[in-house]
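*Asks:* coords below, sequence missing:
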């Protein structure tokens, strides 16, 4: 699969069919990958596909100009479709390498299962429905459902629908209900408890904006937090303003968020942001029977006007 | 050639971040977008003791809105009040424009270095200003005029985009009438009543062709004007050491601690804002 | 003369010191390690192998800090300084983070003294804890820092098994030890063991960064737009590397009015953000590659030009927390030697 990707990507650059290749290459730490963004055909030798390809590469499409050959897991392909719906990217400028994705390994979960830090692990391999860890000469195994990201367990489209070349056999959704555990727990709290929960979590926020910058749906040239006239949100990390930032960001991406989970993964202080984004995603599904990024010819949900629209919420 | 940078002697409660309270005494509408504020400190002892040099700036606060840096546009030789000029472009500047006479603002300073008077003494001076860039220059110009016999010939070339954008018109009148100054105003575009020169400042400078011998040129204005003025001065024979300017960057603390206004390892607020073209060319960072 | 203490007795030690200081120790609330007010009983952090996620700089340069309050009455504005804080004892600070405080001190002293930072810093006591098992992202040794030794703390603790060796480093440390009870004298064996531990820890740091002549190298390639665009390609311009870096100190100043009372506060800012240098008419770092260049050059070129120290201590936070695994060690290692005519092949693994 990797070989096919490398030779196809190289060919695209050599034949001048694309200007850029965006994919994954091995990272500088064990069990990591890093985005590879290149115009150089020799760099395509480093492209990889493995259980650690975490990033949502569609994020780079709003920045890179020109024709792009892009590696896309299910979540990326949905983000790409969403960007096409928003007119930010033209389909004819893309060559999509679809990668059917059996789920990405969450190192934080593995650290808890193995009761070891990731630096102490020697090897992590995945075999079908098991994850095998080697550390200190000992081997341990865990069912894959315990080791994957929550958003992978809940993923509705692991195999891209929109692609030019499909690398590998289609794979079905895992649809493991444990993915929604944390959100269910939150919903059982009464409002005062929820308020206290978020006040505590958001007190750690340092306003790095990684959640926003890593999101393909956040592509505004000037974000509302950067406005000074009027100053919507305090530029400093007071928890109340951090909360407002999250709420407004969720509203801004509603209908375009594909629950790729990147926001929660990148947060350096481990705020459970996906609880907010997934909840918004579910609300959008309930209210509008709409799932983002599924059909590139569909109209975007909230930025599209139709004369005949539901008006039952007017009272 | 750099002037010595010594810290401000006027710190409130020994804390460089604390502003002194100042009261606005007069407001002049220079253009629809530019206002000059005359102010004095509430503390009468500070009002008496306060000193600064031409080229230095202060950090002015609108309490509750924020703080912004502006040069002190009045001359240290005329100390019955202090002045600064503000162009309305954002949050703090708009808030300043909404203030009336009697309003209280904060002031921290004076910060930065100043025009090197020892270097300018005994020389001919060519002042080239554009738009609100005249604000730091006018502090120096009045300083020089008040010590007229220390300097030789004075040439002032000042321009703006249109006649309505000319700032400090009362200064322009005075300098036009001063027989010891060769003074020219110009606009990029005239209007029906404009009878003066028409042409961008660098072009008018080239026509005026002041001699470079024993002369220092001091240039202040929008970046694009400065970028076209330096080559003209070079053509007229000025060396980079003979060209001075003030640089502008987004600033917050004003004292070289918040990191923002750096050009390489130089901080505009602490090592500037006055720089010679020779210094600018030697910056390790070309992003000035 | 070195002392030692059993790990079990750390609680008693901290309780003793808590009479004079506010004790801060690493704690892992919600899975995020930070220096927090010690809760009186937790000593789990003694077995951690790595520095905290949130750097101890937050104890001296908080994320958000009140500078003063202002209020308007009929006489006009009145300004009020915040009350003095308590004296801090930072327990378990790693050598990289302790060195970072020395490095940051340069910025807050100088022509003007920054009272908010210096009041906290000058009254604080740092008790260092050596790293026994440096992590994969650590590269302190390339920057003249030892993972288990430090001149930048007041007391240095080394893990020698069930006990910790306690060495006074500074005059303040010696004074503190003199007043402290419950410490035993260390034997020659203990000191030899500690020496072993320190050496082993030093050799375990395998990540290396080539910082030789880096100021000249960066100056030489400053204008190489192609190089910097490649370096910056995958950066997403968030602030993680700078906000969590122990040697980053850039801050923003803002005002706020709430219910008739105003506050001016400062908060950490980042040169990675596009609006950091934005002016009404222009933005000198609107392009991402310029901002990435600024970050690298500030730490490895501009800061050492002014203060001799490189503004990096190899703590590894930026490497392991970056959302796209942008790695400063790879970037610095790929900056060519000044005399090199051809560029060194990029992408070399650090």
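*Replies:* Perfect, thanks for sending it. It should be emphasised that the depicted structure is a prediction, and the values quoted were computed from it without experimental measurement. Numbers count the residues shown, from 1 in each chain, chains lettered A, B, ... in the order given.
*Asks:* Domain-wise, how is chain C divided?
*Replies:* The record assigns chain C these domain ranges, following automatic domain parsing: C:3-204, C:214-334.
*Asks:* Oh, that last question was meant for chain B, not what I typed.
*Replies:* In the recorded assignment (automatic domain parsing), chain B comprises B:20-111, B:117-246.
*Asks:* will you turn those domains into CSV that also has mean neighbour count, distance to residue A:106 and mean pLDDT?
*Replies:* C-beta: built from backbone N, CA, C; applies to glycine. As requested, the domains of chain B are arranged in CSV below (neighbours: other C-beta atoms under 10 Å in any protein chain shown; distance: least, C-beta to C-beta, whole Å; pLDDT from 0 to 100):
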stretch, mean neighbour count, distance to residue A:106, mean pLDDT
domain B:20-111, 19, 42, 95
domain B:117-246, 19, 49, 94
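*Asks:* any chance of those in CSV, plus distance to chain A?
*Replies:* Formatted as CSV, the domains of chain B follow (distance: least, C-beta to the nearest C-beta, whole Å):
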stretch, distance to chain A
domain B:20-111, 4
domain B:117-246, 20
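*Asks:* Chain C: which of the ones you listed is closest?
*Replies:* The closest approach between chain C and any of the domains of chain B, judged by C-beta to the nearest C-beta, belongs to domain B:20-111 at 3.7 Å.
*Asks:* where in chain C is pLDDT low?
*Replies:* Applying pLDDT under 70 to chain C flags the ranges C:339-350.
*Asks:* and the top strand by length along it, what does it pack onto?
*Replies:* Determined from DSSP state E, the single longest strand within chain C is strand C:64-73. The contact analysis (3 or more C-beta pairs under 8 Å, 6 or more residues apart in numbering or on different chains; DSSP states H and E) places strand C:64-73 against strand C:76-80, strand C:261-268.
*Asks:* which one of those strands lies closest to residue C:161?
*Replies:* Minimum separation from residue C:161 across these (C-beta to C-beta) falls at strand C:261-268, 38.9 Å.
*Asks:* Next, the residue of the stretch 151-300 of chain A found nearest chain B: secondary structure please.
*Replies:* Chain B sits closest to residue A:228 of the stretch 151-300 of chain A, with a gap of 4.1 Å, by C-beta to the nearest C-beta. For residue A:228, the assignment made with DSSP: H, G, I helix; E, B strand; the rest coil gives coil.
*Asks:* List the contacts of the closest residue in space to it that isn't next to it in sequence.
*Replies:* The shortest distance from residue A:228 to any residue other than its chain neighbours is 4.1 Å, reached at residue B:91 (C-beta to C-beta, 6 or more residues apart in numbering or on different chains). With contacts defined as C-beta atoms under 8 Å, 6 or more residues apart in numbering or on different chains, residue B:91 is in contact with A:228-229, A:231, B:65-66.
*Asks:* Now compare these and name the two farthest from each other.
*Replies:* That would be A:229 and B:66, which, of the contacts of residue B:91, are the farthest apart (C-beta to C-beta) at 11.1 Å.
*Asks:* circling back: and the contacts of residue B:91 as JSON lines, adding distance to residue A:128?
*Replies:* Rendered in JSON lines, the data for these read as follows (distance: C-beta to C-beta, whole Å):
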{"residue": "A:228", "distance to residue A:128": "54"}
{"residue": "A:229", "distance to residue A:128": "57"}
{"residue": "A:231", "distance to residue A:128": "53"}
{"residue": "B:65", "distance to residue A:128": "61"}
{"residue": "B:66", "distance to residue A:128": "59"}
